[in-house]
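**Student:** What follows is a protein structure lacking sequence information:
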């Protein structure tokens, strides 16, 4: 999977747009970061992953999930896109999207998905 692959499916969700963050490509919802590509070009910076959940992800799938000392105290996990599958990545992105999207956007999306 690549950042472009992620972009293709995430940009179909309401209120998601392209942007930049720390000089790298990012996906944003209402000007807030959904996720961004790390400077290494392969890791997706995924905010809002509780530290205890991150620990479980890193322990169970270290080839996909990791973090650096810089992120140790923050609820962020790094995801190696070259090793990740959409089925693993999409639920994390969708959960983050739901926290950032407007109530109307969430309702519209839910109505489309359940139709």
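**Tutor:** Nice, thanks for sending it over. For clarity, every value in this text was computed on a predicted model and none was experimentally measured.
**Student:** in the chain, which helix has the most residues?
**Tutor:** If you go by DSSP state H, the chain has its longest helix at helix 86-100.
**Student:** Could you pull out the buried residues of it?
**Tutor:** Buried residues in helix 86-100, counted by 16 or more other C-beta atoms under 10 Å: 89, 92-93, 96-97, 100. Heads up, the C-betas are built off the backbone N, CA and C, glycines and all.
**Student:** and what of stretch 62-81?
**Tutor:** 64-67, 71, 76-81.
**Student:** From the contact counts, what lies against the longest helix of the chain?
**Tutor:** helix 3-10, strand 32-37, strand 43-47, strand 76-80 (3 or more C-beta pairs under 8 Å, 6 or more residues apart in numbering; DSSP states H and E).
**Student:** TSV for the ones you listed, including distance to residue 18 and mean pLDDT?
**Tutor:** Formatted as TSV, the helices and strands packed on helix 86-100 follow (distance: least, C-beta to C-beta, whole Å; pLDDT from 0 to 100):
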stretch	distance to residue 18	mean pLDDT
helix 3-10	7	97
strand 32-37	11	98
strand 43-47	15	98
strand 76-80	19	98
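**Student:** what about the ones you listed, which gets the closest to residue 54?
**Tutor:** In terms of C-beta to C-beta, the element of the helices and strands packed on helix 86-100 nearest to residue 54 is strand 76-80, at 4.5 Å.
**Student:** Now do the closest one: which elements does it pack against?
**Tutor:** Counting contacts by 3+ C-beta pairs under 8 Å, 6+ apart, strand 76-80 packs against strand 43-47, helix 51-60, strand 65-66, helix 86-100.
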